[in-house]
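**Student:** no sequence on hand, only this structure:
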Ligand code: NAD
């Protein structure tokens, strides 16, 4: 735990959806280290969420686990109510929950398509709308932040890189890009900052088959000019900065955190 004077999110309440594992857990821990009171949201893993909460508490931070499926409106409303009962308000929303349900395009069922869109895109809409309502109601609290609230959408390099075999996922992240930009445009006058993080390949349960054997990792590294697969802490550090006043003039943009994956590495030797 950093000392109070240097904590960049001191006293702010942060909700990180889907933070019982992977990137969300990394973001929740990083924000707690910077003084935020964190809600660790989960849908299916109360044990995973409790583990993250315990880790945060053990290092002197404040955290609480709350279950909710972000694709269900009633559950999202209840999630925010429970957060307000515990922390009074929200200052930071990290729209992180997401999943893949991969299939060849011609074999993709409507259920595969719908599930991914419901969680990855509609879930971000429902949570962002709820957070924005509270940010507008409460306004800026200058002791905590220059902004009335911050929304960070967990997108992906696949908001711009097409992905065969993952059409539902790429479509959901492409949707997140214009959801983020459109609400950034609409909410700026309320001093609400909205941005996305576009991770490249980060070692989490969502993609373990892509890095857990040396052969798979070698294949993956061919797509990453910087020469290493990312870790959840790489995203946690950037999320803290994006939520802090250090990035107060950053609005409506996607910050790719990808070791250069969006640089078309296939062209490096073929100019
Ligand atoms: P992960 O599977 O560890 O995390 C996803 C989390 O979302 C899990 O905790 C899961 O329980 C939760 N979740 C799923 N459905 C939910 C629902 N309906 N309601 C609430 N929570 C739900 O994988 P991750 O890699 O940490 O993924 C986190 C985010 O990062 C996702 O949005 C993913 O698309 C994005 N992302 C990951 C990578 C990567 O390489 N790992 C790359 C780009 C983008």
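**Tutor:** It's in. Computed from a predicted model, the values in this text were never measured in an experiment.

**Student:** for the strand ranked longest in the chain, name the packing helices and strands.
**Tutor:** In the chain, assigned by DSSP state E, the strand with the most residues is strand 192-199. Helices and strands touching strand 192-199, by 3 or more C-beta pairs under 8 Å, 6 or more residues apart in numbering; DSSP states H and E, are helix 123-138, strand 149-154, helix 167-187, helix 232-243, strand 254-257. In short, each C-beta sits where N, CA and C put it, glycine included.

**Student:** quick one: the strands in this structure, in order.
**Tutor:** If you assign secondary structure with DSSP E, the strands in the chain sit at 13-16, 37-42, 62-67, 92-95, 149-154, 192-199, 254-257.

**Student:** right, and residue 192 touches residue 146 too?
**Tutor:** No. Applying C-beta atoms under 8 Å as the test, residue 192 and residue 146 come out as separate, 11.5 Å apart.

**Student:** count of residues packed around residue 245?
**Tutor:** By the criterion of other C-beta atoms under 10 Å, residue 245 has 15 neighbours.

**Student:** so how far is residue 192 from residue 134?
**Tutor:** Going from residue 134 to residue 192 by C-beta to C-beta, to the nearest Å gives 10 Å.

**Student:** just residue 130 next, same as before
**Tutor:** Applying C-beta to C-beta, the value for residue 130 to residue 192 is 13 Å.

**Student:** then residue 165?
**Tutor:** Applying C-beta to C-beta, one obtains 36 Å for the distance of residue 165 from residue 192.

**Student:** neighbour-wise, which of the two wins?
**Tutor:** Between residue 165 and residue 192, counted using other C-beta under 10 Å, the more crowded position is residue 192 (23 against 13).

**Student:** roughly how far apart are the more buried one and residue 129?
**Tutor:** According to C-beta to C-beta, residue 192 stands 12 Å off from residue 129.

**Student:** how about the residues of the stretch 1-150 of the chain near the ligand?
**Tutor:** 17-18, 20-24, 41-45, 69-71, 96-99, 119, 123 (C-beta under 6 Å from any ligand atom).
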